[in-house]
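K.L.:
Would you be able to build a 3D model of this:
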Amino acid sequence: MSPAPFASDPARSRGRFYTERDRGTRGPRDAFQRDRDRIIHSIAFRRLRHKTQVFVAPDGDHFRVRLTHSLEVAQIARTVARALGLNEDLTEALSLAHDIGHPPFGHAGEYALQAAMAEYGGWDHNAQTIRALTRLETPYPDHAGLNLSWEMLEGLAKHNGPVVSPPWALAEADSAWSLELASWPGLEAQISALADDIAYDNHDLDDGLRAGLFPFEALLEVPFVASSWEAVAARFPEVERERLVLELTREQIGRMVNDLIDETRRRVAEAGVRSVEDVRGEGRALAGFSADMVQGERALKAFLRANMYYHPAVARLADAARPVIANLFAAYQAAPALLPAGWLSGPESEDPVLRARRIADYIAGMTDRFAIRTHEQLIGPAGLPEGF
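P.N.:
Numbering: from 1, shown residues only. Okay, the predicted model is just below:
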């Protein structure tokens with residue numbers, strides 16, 4: 001399929017912050033393919049295999065973690081990008097990288113870091129993704145960061161839309177190289193963000209059923225799920241329900257993907273955009289769900305919030321995880337020498353704000369199990385209840 005005129009074009013990329021020597025000996029890849037490969041080979045990406053999606057350090061091998069979630073998002077996003085004639089490699093790279101800034105213990109860890117950093121400018125996982133990829137990852141001998149393309153950084157910075165009041169870490173990156181935070185990003189980033197919703201809506205539902213957090217019958221009170229189940233049951237009337245749960249997940253993903261493709265095509269045609277710059281200048285999201293799907297997806301999200309994310313068993317784990325982050329932050333604040341050698345240097349050792357931000361960098365990069373082990377070594381037992 002030929003690229004759409006409004007697709008991001010690697011041959012017309014705005015480039016990278018640091019000029020690079022010729023890397024032709026490392027394979028015939030374009031700018032966005034290199035971005036994707038740099039994410040896949042990064043340490044930060046590998047750590048996602050031991051970071052919480054919903055369940056903290058899950059005991060079960062079949063539950064999602066940040067890594068498997070990111071792979072699922074990338075698969076969905078790439079499918080949509082192909083149907084719309086967008087750049088698949090950029091879409092995939094954005095999807096693989098979108099959760100890299102998350103700390104251990106999911107949202108519980110995020111809330112704990114936000115509280116610890118309140119007097120030092122705050123903390124935001126999306127801004128931390130940019131910080132990790134532009135400063136903290138150091139695989140190259142001549143500069144910090146992965147030196148990703150402008151389009152990649154722009155898409156990560158504002159995949160959920162324009163950023164009016166950027167957190168300090170994002171403002172810092174933007175001041176070094178403007179990401180035009182007030183505008184919408186290209187369609188690749190917009191699609192990646194919606195693929196994230198599709199993935200976690202449906203895969204969290206699967207994990208919640210697997211963990212026994214809610215009965216299957218309760219799901220059928222959600223209209224979108226009920227209509228999807230009717231379609232599945234009609235196709236397989238002789239198959240027992242337990243074998244059809246994954247088919248229900250596939251049915252719902254397919255419906256959401258098709259709706260996203262159709263609605264995005266409609267909006268693009270209505271707007272008459274002919275370039276990625278037209279997309280950025282449109283002043284609104286061009287990728288999206290239809291009004292009916294928005295309503296159905298909201299009801300599904302509300303069900304998951306009530307029956308999974310705030311389930312007492314999940315809440316107990318989150319309540320126990322937050323002090324682990326708070327205690328680690330306090331311990332490093334009281335004794336910075338506990339940090340790895342060379343982690344603090346120059347002004348970071350003296351300035352309390354810079355020091356706190358480096359401590360947050362270190363904690364945010366931890367996996368669930370490393371945070372638990374470090375807490376046991378420095379402070380004592382983490383006190384987390386049994387996982388799922």
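
K.L.:
Quick check: phi and psi at the residue sitting furthest away from the middle of the chain.
P.N.:
The C-alpha centroid of the chain is most remote from E238, which lies 38.8 Å away (Cα atoms, centre = their mean). E238 adopts backbone torsions of phi -100, psi 0, taken as degrees, to the nearest 10.

K.L.:
how near is it to L244?
P.N.:
Separation of E238 from L244 (Cβ to Cβ, to the nearest Å): 11 Å. (C-beta placed from N, C-alpha, C; glycine too.)

K.L.:
which intervals of the chain have sub-threshold pLDDT?
P.N.:
Regions of the chain meeting the criterion pLDDT under 70 cover residues 22-25, 56-61, 387-388.

K.L.:
Leaving out the residues flanking it, which one is nearest to R38?
P.N.:
In space, not counting the residues next to it along the chain, R38 is nearest to L146; the distance is 4.6 Å by Cβ to Cβ, 6 or more residues apart in numbering.

K.L.:
Tell me which residues touch that neighbour, please.
P.N.:
Each residue near L146 by Cβ atoms under 8 Å, 6 or more residues apart in numbering is listed here: D35, R38, I39, S42, L133, T134, E137, P139, Y140.

K.L.:
Just the closest of these to E151, please.
P.N.:
Using Cβ to Cβ, D35 comes nearest to E151 of the contacts of L146, at 8.2 Å.

K.L.:
correct me, but the closest one touches E92?
P.N.:
No. Taking contacts as Cβ atoms under 8 Å, D35 lies outside contact range of E92: 9.3 Å.

K.L.:
between the two, who's got more neighbours?
P.N.:
Neighbour count, other Cβ atoms under 10 Å: between D35 and E92, D35 has more, with 30 against 25.

K.L.:
any idea which helix or strand carries that one?
P.N.:
helix 31-40 (DSSP states H and E).

K.L.:
what's the helix or strand just after that helix packed up against?
P.N.:
Per DSSP H and E, the first helix or strand lying C-terminal to helix 31-40 is helix 43-47. The contact analysis (3 or more Cβ pairs under 8 Å, 6 or more residues apart in numbering; DSSP states H and E) places helix 43-47 against helix 66-84.

K.L.:
Can you list the buried residues in the helix it packs on?
P.N.:
66-74, 76-81, 83-84 (16 or more other Cβ atoms under 10 Å).

K.L.:
Likewise for stretch 302-316?
P.N.:
F303, L304, N307, M308, Y309, H311, A313, V314.

K.L.:
Tell me how far the last one lies from V65.
P.N.:
In this case it means V314. Distance of V314 to V65, computed by Cβ to Cβ: 15 Å.

K.L.:
The first one too?
P.N.:
In this structure, F303 lies at 22 Å from V65, with Cβ to Cβ as the measure.

K.L.:
What helix or strand is A318 located in?
P.N.:
helix 312-334.

K.L.:
if you take the average position of this protein, which residue is closest to it?
P.N.:
Central residue of the chain (Cα atoms, centre = their mean): D99, at 2.8 Å.

K.L.:
Now it, what are its backbone angles?
P.N.:
Recorded main-chain torsions at D99 are phi -110, psi 10, according to degrees, to the nearest 10.

K.L.:
For the residue nearest to W123 when sequence neighbours are not counted, give me its contacts.
P.N.:
Among residues not flanking W123 along the chain, M117 sits closest, at 4.0 Å (Cβ to Cβ, 6+ apart). M117 makes contacts with W123, A356, R357, A360, as judged by Cβ under 8 Å, 6+ apart.

K.L.:
neighbours around the nearest residue to the third one once chain neighbours are set aside, how many?
P.N.:
What that stands for is R357. Nearest residue to R357 in three dimensions, chain neighbours excluded: Y120, at 6.2 Å (Cβ to Cβ, 6+ apart). Applying other Cβ under 10 Å, we find 16 residues neighbouring Y120.

K.L.:
Would you agree Y120 is in contact with D351?
P.N.:
No. Using Cβ under 8 Å, Y120 is not in contact with D351; the gap is 10.1 Å.

K.L.:
Not counting its neighbours along the chain, what's nearest R255?
P.N.:
Once flanking residues are discounted, R255 sits nearest to S228: 6.4 Å by Cβ to Cβ, 6+ apart.

K.L.:
Now do whichever strand or helix holds the one you found: which elements does it pack against?
P.N.:
Element membership of S228, judged by DSSP H and E, is helix 223-235. Contact analysis of helix 223-235 by 3+ Cβ pairs under 8 Å, 6+ apart lists helix 245-271, helix 291-304 as its packing neighbours.

K.L.:
Now do the first one: distance to the chain's middle.
P.N.:
Its chain's C-alpha centre lies 20 Å from the corresponding centre of helix 245-271 when counted by Cα atoms, centre = their mean, to the nearest Å.

K.L.:
Same check on stretch 183-198?
P.N.:
For stretch 183-198, the distance to the chain centre is 11 Å (Cα atoms, centre = their mean).
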